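*Asks:* Sequence first, predicted coordinates after that:
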Amino acid sequence: AIVIVFDVNDVGSLEHTRQWLADALKENDPSNVILFLVGSKKDLSSPAQYSLMEKDALKVAQEMQAEYWAVSSLTGENVRDFFFRVAALTFENSVLAELERGNNTRRIGDTVRISSNESDLYLSTPRKKPKCCQ
């Protein structure tokens, strides 16, 4: 995923997003990325001011073929939902890419074992309940 972030209170930062995307695409395969345009600091913008910026941001996002999100780190507005969206789409693309590679020996529903040095990442046997809570 490529996430291009701009300040919704600064028109100049929105104008720079095209160059930032071009720079990011130099390092990534353009056919294999999910693009997000994220307007930050929404909490500092009045509704009327944000509405005008949103129109411009949506046009830029459409040109980039990116999803547009407006967030506020201060208030937390849309932050969690945005990161869940990025995680879900990148996971889905990763699974689909793996299914397309090789001889398609894996199918949806197959068990995939995850290895980790963390010994209790996935417990194979249920833990005993503490005696104090029975």
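*Replies:* Yes, it's here. This one's a predicted model, so the numbers in the text were calculated from it and none came from an experiment. Residues are numbered from 1 along each chain as shown.

*Asks:* quick one, what contacts the residue nearest the centre of the chain?
*Replies:* Geometric centre of the chain, nearest residue: residue 86, 2.0 Å, by C-alpha atoms, centre = their mean. By C-beta atoms under 8 Å, 6 or more residues apart in numbering, residue 86 lies in contact with 1, 3, 34, 36. Quick note: C-beta positions are derived from backbone N, CA and C, even for glycine.

*Asks:* again, but for residue 70
*Replies:* Residue 70 is in contact with 8, 38, 39, 42, 50, 54, 57, 77, 78, counting by C-beta under 8 Å, 6+ apart.

*Asks:* now residue 97
*Replies:* Neighbouring residues of residue 97 by C-beta under 8 Å, 6+ apart: residue 32.

*Asks:* again with the one 4 residues further on
*Replies:* Applying C-beta under 8 Å, 6+ apart, one finds that residue 101 lies in contact with no residue.

*Asks:* Quick check, pLDDT for it.
*Replies:* pLDDT for residue 101: 77.

*Asks:* Tell me which residues of the helix or strand harbouring residue 97 come out buried.
*Replies:* Following DSSP states H and E, the helix or strand that holds residue 97 is helix 79-100. Neighbour-count burial for helix 79-100, counted by 16 or more other C-beta atoms under 10 Å, picks out 79, 82, 85, 86.

*Asks:* coming back round to it: ok, so of the contacts of residue 70, who is nearest residue 23?
*Replies:* Closest to residue 23 out of these is residue 38 (16.3 Å), distances taken as C-beta to C-beta.
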